[in-house]
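# Model the structure of this input:
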Amino acid sequence: MTRVEFFFNVPDKVAKVVELCTRAVAKGRKLTIFTHDEHLSANIQDRLWQHSATSFLPSARTGDAEQHDAPIILNQDGERLLQDDILINLKSAHPPFFSRFNYLVELVGVDEQDKAFARERFRFYRDRGYQIKSTDASVAE
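Residues are numbered from 1 along each chain as shown. Predicted coordinates for the structure are as follows:
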């Protein structure tokens, strides 16, 4: 069964995505980042490629020639998914295909609209029997 984790009080979702990707790729994991539009995908991809002065996190968008080699795939439509390890959801609704993944990450910002959407997603997963871990991103690790 898919493990679900909510990170709430995330002030900068793109920075959190880069942080999570850094840790996961270092462990040999593969990720799909489910975004709501091309602008967000481009922003995340830029940050992944420039996250450190001495390294980068290789990524591709679904449909790119490099998609089969990249550990991080940015996807907007939920189609042509290439892996089923980690899914980071940045959309306001639950991804209809989330259950094929081993691990689902939900990022919740600090604004009330985002929190309201996250509560709906939380209830959706809980009502279907998924164990949910919640992590307050505002508390230093």
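
# Quick check, central residue of this protein?
By CA atoms, centre = their mean, the chain has its centre lying nearest to Ile88, at 1.6 Å.

# Specify the beta-bridge partners of it.
Listed by DSSP bridges, the beta-bridge partners for Ile88 are Ile33, Val105.

# okay but Phe6 is in contact with Thr135, surely?
Yes - with contact defined as CB atoms under 8 Å, Phe6 counts as touching Thr135 (7.0 Å). Where you see a C-beta, it was placed from the backbone N, CA and C, and this is true even at glycine.

# Comparing these two, which residue is more hemmed in?
Higher neighbour count among Phe6 and Thr135: Phe6, with 21 against 14, using other CB atoms under 10 Å.

# contacting residues for the more buried one?
Glu106, Leu107, Val108, Ala118, Phe122, Ile132, Lys133, Ser134, Thr135 (CB atoms under 8 Å, 6 or more residues apart in numbering).

# Which one (most neighbours) among those?
Among these, Glu106 has the most neighbours (other CB under 10 Å), with 25 neighbours.

# what residues are up against that one?
Val4, Glu5, Phe6, Phe7, Asn89, Ala118, Arg121, Phe122.

# Let me see the backbone angles for Arg47.
With angles defined as degrees, to the nearest 10, Arg47 sits at phi -70, psi -40.

# ok, it touching Val14?
Yes - with contact defined as CB under 8 Å, Arg47 and Val14 form a contacting pair (5.5 Å).
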